[in-house]
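> Mind folding the following:
(one chain, ligands or ions: 1)
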Amino acid sequence: MKIDRRSFLSLGVGAGAGIALSPLPWKLTDDSSIWTQMWPWTPVPRDGAVNYVNTASTICSGGCGLSVRKIDDRAVKVEGLKGYPGSNGNACIHCMAGIQMLYSPNAVKSPMKRTGKRGEGKWQPISWDEAISETAKKLGELRESGKASTLACILNSDYGTIPALFKQFLNAFGSPNFMRTPSYQDAYEMTLALMHQTDSMAVFDAENADFVLSFGSGIIDGWGSSVRMFKANSSWKEKNVKLVQIEPRLSNTAAKSDQWLPVNPGTELILALGIAHVIITESLYNKDFVEKYAEGFEDWTDNEGNKQKGFKNFVLEGYSPSYAARVTGIEANTIVKLAKDFAGASAPLALCGRGQGTTPGSIHEFMAVHALNALVGNINKKGGIWAMPKPDYIKWEQAKLDDTAREGLKVPRADGAGTEKFPHAKYLLTRLPEVINSAKESPIQALFVSGANPAYTLPDTKAVAKAFASIPFIVSFTSHMDETAEMADIILPNHGHFERYEDIPAPPGYNKPVVGLARPVISPQHNTRHVGDTLIAIAGKLGGTIAESFPWKSYEECLEKTMGENWTSIQESGVITNPDYEAPGWDTAFETSSKKFAFIPGNHNPGNNSLQIPVIEGNDNYRLTLIPYDSMRLAAGPVGNTPFVTKTVSEKVLKGNDICIEINPKTAEKYGLKQGQYAILTTPKGKAKVKTELSPGIMPDIIAMPRGLGHTGIDEYLAGKGININELIGPVEDPASGLDAAWGIKADLVKA
Ligand code: SF4
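Residues are numbered from 1 along each chain as shown. Presented below is the predicted three-dimensional model:
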């Protein structure tokens, strides 16, 4: 058998990614768990009638279609649902093992009220009536004291009826502070708002691309809608589509790519502009698009008569391949060849958003990568990036406002999004802890958290904990005792993921409109309530215009009325989609005043200044740079790993309870470190004891730590395993957008 580079890598590092979609790991881990661990809630089904329920997943934003095998009312097996848009018969290890989460003894079993100090873990079960009355009483007091605007809600999405209910609640209450947890979607949405002037989502016709240039996007490490990207990657292999992966570490995606280009981290923006330089110099750009459908390419004179430099001269004067080579560490001739290959393909697609895309990154980096797609005219075209309208099926009457609400809504957002300083930002949650910590009195006096775990997922967990400690009233709607719930005053537990209805619109990056339906697979196991019902009940208790803004008796009624004539069909098929959707053509796609794509949006012209590489925290006393990395085997979002999935994590990542830090053998030798040695990792944010894992797959002087470990909550099988990288890394505010642009942090590593 001939082993070329691709198959060699497939047999080696990348093999783990391939099996993630197969039921094999589930079977293996199931068996080994049953026989070796005897976890008390290992699913051992009783005899009974076998039946299947089709649903969509709420475990992550991927929203894959699932078929759940049941014996009587017990779910026993999860498989991908054939024909479901995007995932089509596939599921990843997290949903397959999700049954363990459903039957976890650590689920929150009833409403709880904190009795000890915050984080002390002392709780008292209370009735739903008490819990709702107490929550409504606290909120009522807030309104009476003229502080309606100090209620905030943190969710992990702003699409669908659940986020819409929270927004409705905030509006009726009188607060502008709805916040979505950060991700690459923030940066992509802002990029489209600036360059297209549309309020839209970036989606990708990945399956039809014929050359993929990924600026660190973890295509098979959980980026976008993970299962769909796995499938897209497989189809690229069948069709010989070239994938070039640009990142400083040999991730699974890099290992399975056709070409891995190790880049000095943080310099991807310069690389994108270096590639643009070649495309422009060699006249390889799409003239039809650039000349007829774009503005800001050539220099122009603005309305005040000032000369403005266009994208072409901006790039040609500042970003030659030799300059880009010096900055990025990628040779100039490699940049030239890459640019020619990219521009020479018929459907080349450039992507960005590092790893799983859980941090936004520099807005100029996203704009530079998007400009590459524009140069080759692959916007809103087959195989390209599309700006797709956001889901618009929720057409409720606006919240009814009383005087208190009207006054509260005039107050600027606490996180600064949408203000004069950050006019294009919608949510800037990573700014909130610092805003709270530097204020005399917290601008947030009450906080609702649903479907998110900011105490774990936001960078600089110490600052987040300090900020949350100064919020007088926190309500968590979680069904598991996560790190944010540990800081709450009241927990109003939502039904588990297979126990409730929920609409799931817009899987990230999927280029067809989709609204999936999660439906109850089993009866609720505990004294929980649907979060929608809980919110409706709190609104009812508050009364007045707040109650009037919720004209439904239950969440199910709300969902049914929202879906209208589609309710029957979504119940039958589990999904509403339009497989024939195509993005609008170039003549109607852009909402700028000229109706053209803006290479340089008016208020974002860097003029004669060169663009800065996004800085990271730390000074030269730190000899190394720490970067986070993502793995499909580690859930790094609001939901933590189940015990079975944690058992599949390699000992090169987690050895016992010790987290392993990847370090290049040359760097290790330079600093007197050996394989498997304990070392102390120090960053400007903190210190941790780690183990060294020597790997030639990481660039010298860079060290890498996985995301998704170091929980203190969820359950005893996950808590205490490894370190949460967010304890060691803080946000870095992008001055152009306000988004978190941190891609790493300066660090040091010495023998323990
Ligand atoms: S990508 Fe998300 S929704 Fe899809 S199978 Fe995996 S965990 Fe479930």
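> what about residue 46, how many neighbours?
Counted by other Cβ atoms under 10 Å, the residues lying close to residue 46 total 8. (Each C-beta comes from the backbone N, C-alpha and C, glycine too.)
> quick one: contacts for it?
The neighbourhood of residue 46, defined by Cβ atoms under 8 Å, 6 or more residues apart in numbering, consists of 71-72, 74.
> Distance of the closest residue to the ligand within the stretch 201-350 of the chain relative to residue 527?
Nearest to the ligand in the stretch 201-350 of the chain, going by Cβ to the nearest ligand atom, is residue 226, at a distance of 3.9 Å. Remark: distance between residue 226 and residue 527 (Cβ to Cβ, to the nearest Å) = 33 Å.
> cool, and residue 344?
Here the distance between residue 344 and residue 527 works out to 62 Å (Cβ to Cβ).
> Alongside the ligand, which residues does the stretch 101-250 of the chain contribute?
226-227 (Cβ under 6 Å from any ligand atom).
> Show me where the stretch 101-250 of the chain has its helices.
128-144, 161-173, 184-195, 226-238 (DSSP state H, counting those that start in this stretch).
> Kindly report the residues of the chain close to the ligand.
Counting by Cβ under 6 Å from any ligand atom, the chain sits next to the ligand at 57, 59-60, 62-64, 87, 91-92, 94-95, 226-227.
> switch the cut-off to 5 Å
With Cβ under 5 Å from any ligand atom as the criterion, the chain meets the ligand at residues 57, 59-60, 62, 64, 91-92, 94-95, 226-227.
> Looking at those, which are in helices?
94-95, 226-227 (DSSP state H).
> Show me the contact partners of the helix or strand hosting residue 625.
Element membership for residue 625, per DSSP states H and E: strand 624-629. Around strand 624-629, the neighbours that count as contacts under Cβ under 8 Å, 6+ apart are 221, 248-249, 251, 265, 355, 616, 662, 667, 681, 683, 701-707, 725, 728-729, 743-749.
> Which members of those occur in strands, if any?
Using DSSP state E to define strands, the subset of the contacts of strand 624-629 located there is 355, 662, 681, 683, 702-706, 745-749.
> Would you mind giving the residues you listed as a markdown table with neighbour count and distance to residue 178 added?
Formatted as a markdown table, those follow (neighbours: other Cβ atoms under 10 Å; distance: Cβ to Cβ, whole Å):
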| residue | neighbour count | distance to residue 178 |
| --- | --- | --- |
| 355 | 26 | 26 |
| 662 | 22 | 38 |
| 681 | 23 | 36 |
| 683 | 26 | 32 |
| 702 | 21 | 37 |
| 703 | 27 | 37 |
| 704 | 26 | 34 |
| 705 | 27 | 32 |
| 706 | 26 | 31 |
| 745 | 24 | 29 |
| 746 | 18 | 34 |
| 747 | 25 | 35 |
| 748 | 18 | 40 |
| 749 | 24 | 40 |
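> rewinding a little: and the residues of the chain next to the ligand as a markdown table, adding neighbour count?
A markdown table is the format used below for the residues of the chain next to the ligand (neighbours: other Cβ atoms under 10 Å):
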| residue | neighbour count |
| --- | --- |
| 57 | 28 |
| 59 | 24 |
| 60 | 23 |
| 62 | 26 |
| 64 | 30 |
| 91 | 27 |
| 92 | 26 |
| 94 | 28 |
| 95 | 25 |
| 226 | 28 |
| 227 | 28 |
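> burial of residue 521, as a residue count?
Neighbour count of residue 521, defined by other Cβ under 10 Å: 25.
> Contacts only, for it.
53, 55, 68, 70, 75, 498-499.
> and of these, the nearest to the ligand?
Comparing the contacts of residue 521 against the ligand with Cβ to the nearest ligand atom picks out residue 55 as the nearest, at 10.7 Å.
> Tell me which helix or strand that closest one sits in.
The secondary structure element spanning residue 55 is strand 50-56 (assigned by DSSP H and E).
> Can you give the strand pairings for that strand, parallel or anti for each?
strand 65-71 (antiparallel) (DSSP bridges).
> what about dumping the CA coordinates of the next helix or strand after the strand it pairs with to PDB?
If you walk from strand 65-71 toward the C-terminus, the next helix or strand you reach (DSSP H and E) is strand 74-80. What follows is the C-alpha trace of strand 74-80 in PDB, where atoms were taken according to Å, rounded to 0.1, in the frame of the first residue of the first chain:
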ATOM      1  CA  ARG A  74     -36.100   4.700  29.200                       C
ATOM      2  CA  ALA A  75     -33.700   6.100  26.500                       C
ATOM      3  CA  VAL A  76     -31.000   3.500  25.900                       C
ATOM      4  CA  LYS A  77     -29.300   4.500  22.700                       C
ATOM      5  CA  VAL A  78     -28.700   7.600  20.500                       C
ATOM      6  CA  GLU A  79     -28.000   7.500  16.800                       C
ATOM      7  CA  GLY A  80     -27.900  10.200  14.100                       C
END
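> And for the closest residue in space to residue 184 that isn't next to it in sequence, the neighbour number?
Leaving aside its chain neighbours, residue 184 sits nearest to residue 353 (2.9 Å; criterion: Cβ to Cβ, 6 or more residues apart in numbering). Residue 353 has 29 neighbouring residues, counting by other Cβ under 10 Å.
> was I right about residue 353 contacting residue 188?
Yes - using Cβ atoms under 8 Å, residue 353 is in contact with residue 188, at 7.1 Å.
> Turn the ones in helices among the residues of the chain next to the ligand into JSON lines, columns for pLDDT.
Output for these, formatted as JSON lines (pLDDT from 0 to 100):
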{"residue": "94", "pLDDT": "93"}
{"residue": "95", "pLDDT": "92"}
{"residue": "226", "pLDDT": "93"}
{"residue": "227", "pLDDT": "95"}
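> Now do the contacts for the residue of the stretch 201-350 of the chain closest to the ligand.
By Cβ under 8 Å, 6+ apart, the contact list for residue 226 reads 60, 62, 92, 356, 632.
> Between all of the contacts of residue 521, which two are separated the most?
Considering Cβ to Cβ, no two members of these lie farther apart than 70 and 499, which are separated by 12.7 Å.
> any common contacting residues for the two?
Common neighbours of residue 70 and residue 499, using Cβ under 8 Å, 6+ apart, are 521-522.
> ok, the closest residue to residue 620 other than its chain neighbours - contacts?
On the basis of Cβ to Cβ, 6+ apart, the spatially nearest residue to residue 620 that is not a chain neighbour turns out to be residue 746, at 8.0 Å. Contacts for residue 746 (Cβ under 8 Å, 6+ apart) come out as 616-620, 622, 624-626, 683-684.
> Cool, thanks, signing off.
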